[in-house]
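1. Could you look at this predicted model? Sequence included:
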Amino acid sequence: MGPEQQQAFDKLKTYLTKVTTLSKPLPTPTLLLYIAASPTTVSVVLAKEKEHENKMKQFPVYFVSEALSGAKHNYSELEKIAYTMLWHQES
């Protein structure tokens, strides 16, 4: 590994040690819900916005993902999103 690669790797390690883990939701901020559906996976992220280092940033509160199996692979994108909302409410 050359010096440029080592420097990039060190920057990545530093960044990953500062990545926010899940945070506690507060009743006052608006919560944001992100849903992703791919051919094989569905995911949900609940996030909150707050000021951090003089900038508004989003912090994850809750994350869940499921690898689809069987007939769920045949769902349309809209059906996967609907399934994710139902599944998210049950978990």
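-> Nice, thanks for sending it over. The shown structure was predicted, so the numbers you read here are calculated from the model rather than taken from an experiment.

2. What about Asn74, how many residues nearby?
-> A count of neighbours around Asn74, defined by other CB atoms under 10 Å, yields 9. All C-beta spots, glycine's among them, are computed from the backbone N, C-alpha and C.

3. quick one, phi/psi of it?
-> Asn74 adopts backbone torsions of phi -90, psi -10, taken as degrees, to the nearest 10.

4. tell me which element Ala36 falls in.
-> Element membership for Ala36, per DSSP states H and E: strand 31-37.

5. That strand pairs with which strands?
-> Using DSSP bridges, the strands paired with strand 31-37 in its sheet are strand 41-52 (antiparallel).

6. continuing past the partner strand, what's the next helix or strand?
-> Downstream of strand 41-52 (by DSSP H and E), the next one is strand 55-67.

7. What residues sit buried inside that following strand?
-> By neighbour count with 16 or more other CB atoms under 10 Å, strand 55-67 contains the buried residues 59-61, 66.

8. For the strand holding Ala36, output the C-alpha coordinates as CSV.
-> What follows is strand 31-37, C-alpha atoms only, in CSV (Å, rounded to 0.1, in the frame of the first residue of the first chain):
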residue,chain,number,x,y,z
LEU,A,31,-38.6,13.1,12.4
LEU,A,32,-37.7,12.1,8.9
LEU,A,33,-38.6,8.7,7.4
TYR,A,34,-36.5,7.3,4.6
ILE,A,35,-37.6,4.1,2.8
ALA,A,36,-35.5,2.2,0.3
ALA,A,37,-36.5,-0.7,-1.9
